[in-house]
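Asks: Could you look at this predicted model? Sequence included:
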Number of protein chains: 2
Amino acid sequence: MENKTYVVGLDLGGTNSVFGIVDADGNVVASTSIRTKGQNDLDIYMDNAREALIPLIEKVGGIGNIKGMGIGAPNGNYYTGNIELAPNLPWKGIVPFAKRFSDMLGIPVVLTNDANAAAIGEMTYGVAKGMKNFIMLTLGTGVGSGIVINGELVYGCDGFAGELGHVIVDTSSDARVCGCGRKGCLETYCSATGVARTAREFLTKRSDATELRDIPLDEITSKDVSIAAEHGDQLARDVYKFTGELLGCSCANFTPFCSPEAYVFFGGLTKAGNLIMDPIKEAYDATVQNIFKGKAKMLVSQLDDAQAAVLGAAALAWKI
Amino acid sequence: MENKTYVVGLDLGGTNSVFGIVDADGNVVASTSIRTKGQNDLDIYMDNAREALIPLIEKVGGIGNIKGMGIGAPNGNYYTGNIELAPNLPWKGIVPFAKRFSDMLGIPVVLTNDANAAAIGEMTYGVAKGMKNFIMLTLGTGVGSGIVINGELVYGCDGFAGELGHVIVDTSSDARVCGCGRKGCLETYCSATGVARTAREFLTKRSDATELRDIPLDEITSKDVSIAAEHGDQLARDVYKFTGELLGCSCANFTPFCSPEAYVFFGGLTKAGNLIMDPIKEAYDATVQNIFKGKAKMLVSQLDDAQAAVLGAAALAWKI
């Protein structure tokens, strides 16, 4: 008799919500998704979620076979199970998201922020398998982080620890304004949005020829920069160099905190490969304090983008 | 029958080594000290330590009553029990310090760095009693730190985690040179040495009258600045304001890492009281990310300076 041998993972993104049924070996045996964007009415969203989920759960023999559910969500709080003041989600204020799913499905539900879920996924199934001390950096629209110390996720006194995207890395008066209301945060430079900003800045300051000049300045995205860089475009490559160097120096400043055995990078920007990873490594080695030199590995997540967050969320549910 | 009811604590400083016998309630029931400075021959130092310690141990009924020994030492490594490359100690290279004491006394000996020992002391007997997440900052000749997350000291992959004195807080080209060989480290500004440097910098840049001008520029110490500040000297007070503001901003940048419930400040600079604590608090509140505002307490250690490090080292031994 097969019993409680699956968990549900939910990767709640600003655009889509991806559900997966995951077995004990980390295989996503069934998955589906619903729209998040525009779903301003949480009750309707929950109805859609139920409709999408029930057939998946039936496929693995019904809810009796499901141990629990894990959710990775922006601004998700592990301690409370709430999503709190998430700027990129349609629901305002504090949403008791874990409780809603738990009430709906009648199973235990845990929730954490999306970068923490990615870190757990990496620790359970990815390049950080077996590691007790590492830092996960997710380089997407923003910069998220999940920090693992002594084998445990760091949540801090309030559940919000691990916000390295909002470490201020530029204290100069012309530092970039951040969505958090302050200036100079890491994510204003080292996210997809940051890469586009850097490209616009370089295009304004410099006069060299680059295919990026064919695109209206305010429409340039990190995807454009990435394509140009692949073509060998120097300005685009310099954007990645600048971004990688700042990331490497920032990591060198994180290391005195917890001396991790690895940094694991995840998300769109890592697609640039060596164009970004080489400057990260070089700047890190040049900047980190002597006693830490040569210790932390700089790794790129090998988990499938589409599944990593679901796997991470699901991994959380195994610990219920 | 009283058995194993005491531990030995050793606070190994660059000048003196202070030994204490501590009971389970955290009372230092006997203590003594020997000279560290100038003791270049480790064998002679160990002989001196034995001579000093044996009478203390006899006082509490002999070695049979001693559970173990804890040592707090600069550059002490918890994982190895070694002191590694300590610039302010007379012994070069890697010294198997815990093993030496363990062999000599026939009891288990653990060793950690001095700031970690202070953090353990604070958690066991001080203002951080009962806290699971806090950061201890020791503001002495340098800046040390001990970080507690989920109730445990953070040692990292190599035993050297918690080196916040060497987080680079000034990336400008004229940032101060640090003893670690890099530039702009927190301890070049927010240590006793840093305070003296700031005073000299202010005296050179400014022209206002101050009692500090009665002292030759290169002889000014943090003690002089502290005395002048107590007299109401404006320049001296501005030095503390500058130091406190930089500390507050730096703490605001540590918080996204682990969202501590408190920062505990310890060491000479805290003697300036509100002159330094007010700017710390104000700069922290003004700089920290919104979601963390109002959460971390800014506390000054209430442990007796002379005993805190011994108590911390001793507290470590209870966990053997």
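Replies: On my side now, so go ahead.
Asks: residue contacts, the residue in the stretch 201-320 of chain A positioned nearest to chain B?
Replies: Per Cβ to the nearest Cβ, A:S259 is where the stretch 201-320 of chain A lies closest to chain B, at 2.6 Å. (Glycine included, C-beta is placed from N, CA and C.) Going by Cβ atoms under 8 Å, 6 or more residues apart in numbering or on different chains, A:S259 touches A:133, A:292, A:295-296, B:155-161, B:163.
Asks: What of A:T204?
Replies: Contacts of A:T204 (Cβ under 8 Å, 6+ apart): A:L217.
Asks: Counting neighbours, which bits of the helix or strand hosting it end up buried?
Replies: A:T204 is located in helix A:192-205, with elements delineated by DSSP states H and E. For helix A:192-205, burial by neighbour count (16 or more other Cβ atoms under 10 Å in any protein chain shown) applies to A:192-200, A:202-203.
Asks: The residue nearest to the residue of the stretch 201-320 of chain A closest to chain B when sequence neighbours are not counted and A:K129, how far apart?
Replies: In this structure, A:S259 finds its nearest non-sequential neighbour in B:G156, 2.6 Å apart by Cβ to Cβ, 6 or more residues apart in numbering or on different chains. Using Cβ to Cβ, to the nearest Å, B:G156 is found at 19 Å from A:K129.
Asks: Could you check which of these two has the larger neighbour count?
Replies: B:G156 (26 against 9; other Cβ atoms under 10 Å in any protein chain shown).
Asks: So what does the more buried one have for phi and psi?
Replies: Dihedral pair for B:G156: phi 70, psi -170, per degrees, to the nearest 10.
Asks: Wait, it touches A:F254, no?
Replies: No - B:G156 is beyond contact range of A:F254, at 11.0 Å (criterion: Cβ atoms under 8 Å).
Asks: Next, the contact list for A:V28, please.
Replies: Counting by Cβ under 8 Å, 6+ apart, A:V28 touches A:9, A:20-22, A:307, A:310-311, A:314.
Asks: Read off the pLDDT value for A:A119.
Replies: pLDDT recorded at A:A119 is 94.
Asks: actually A:P256, sorry about that
Replies: 97.
Asks: doesn't it fall inside a helix?
Replies: Yes - counting by DSSP: H, G, I helix; E, B strand; the rest coil, A:P256 is located in a helix.
Asks: Now A:L311. Nearest residue, chain neighbours left out?
Replies: Leaving out its chain neighbours, A:L311 is closest to A:G121 (Cβ to Cβ, 6+ apart), at 4.3 Å.
Asks: likewise A:G312?
Replies: A:G121 (2.8 Å).
Asks: who in the stretch 201-320 of chain A is up against chain B?
Replies: Taking Cβ under 8 Å from any Cβ of the partner chain as the contact definition, the stretch 201-320 of chain A meets chain B at A:249, A:252-254, A:256-261, A:287, A:289-292, A:295-296.
Asks: Separate out the buried members of those.
Replies: Buried among those (16+ other Cβ under 10 Å): A:249, A:252-254, A:256-261, A:287, A:289, A:291-292, A:295-296.
Asks: from those, which two are the most distant?
Replies: Greatest spatial distance in those: A:C249 and A:E261, 19.6 Å, computed using Cβ to Cβ.
Asks: Quick check on the residue nearest to A:L311: phi, psi?
Replies: phi -60, psi -40.
Asks: how many other residues sit next to it?
Replies: 31.
Asks: sorry, back to before: okay, buried residues for the helix or strand that the helix holding A:T204 is followed by please.
Replies: Per DSSP H and E, the first helix or strand lying C-terminal to helix A:192-205 is helix A:222-230. Neighbour-count burial for helix A:222-230, counted by 16+ other Cβ under 10 Å, picks out A:222, A:224-226, A:228-229.
Asks: What pLDDT is listed against the residue in the stretch 1-150 of chain A positioned nearest to chain B?
Replies: Minimum separation of the stretch 1-150 of chain A from chain B (Cβ to the nearest Cβ) falls at A:N133, amounting to 4.9 Å. Listed pLDDT for A:N133 reads 98.
Asks: next one: A:N3
Replies: Value listed for A:N3 in the pLDDT field: 60.
Asks: Name the helix or strand of chain A that has the lowest mean pLDDT.
Replies: None of the helices or strands of chain A scores lower by mean pLDDT, DSSP states H and E than helix A:305-318, at a mean of 86.
Asks: Return the distance of stretch A:302-312 from the chain's centre.
Replies: 10 Å (Cα atoms, centre = their mean, to the nearest Å).
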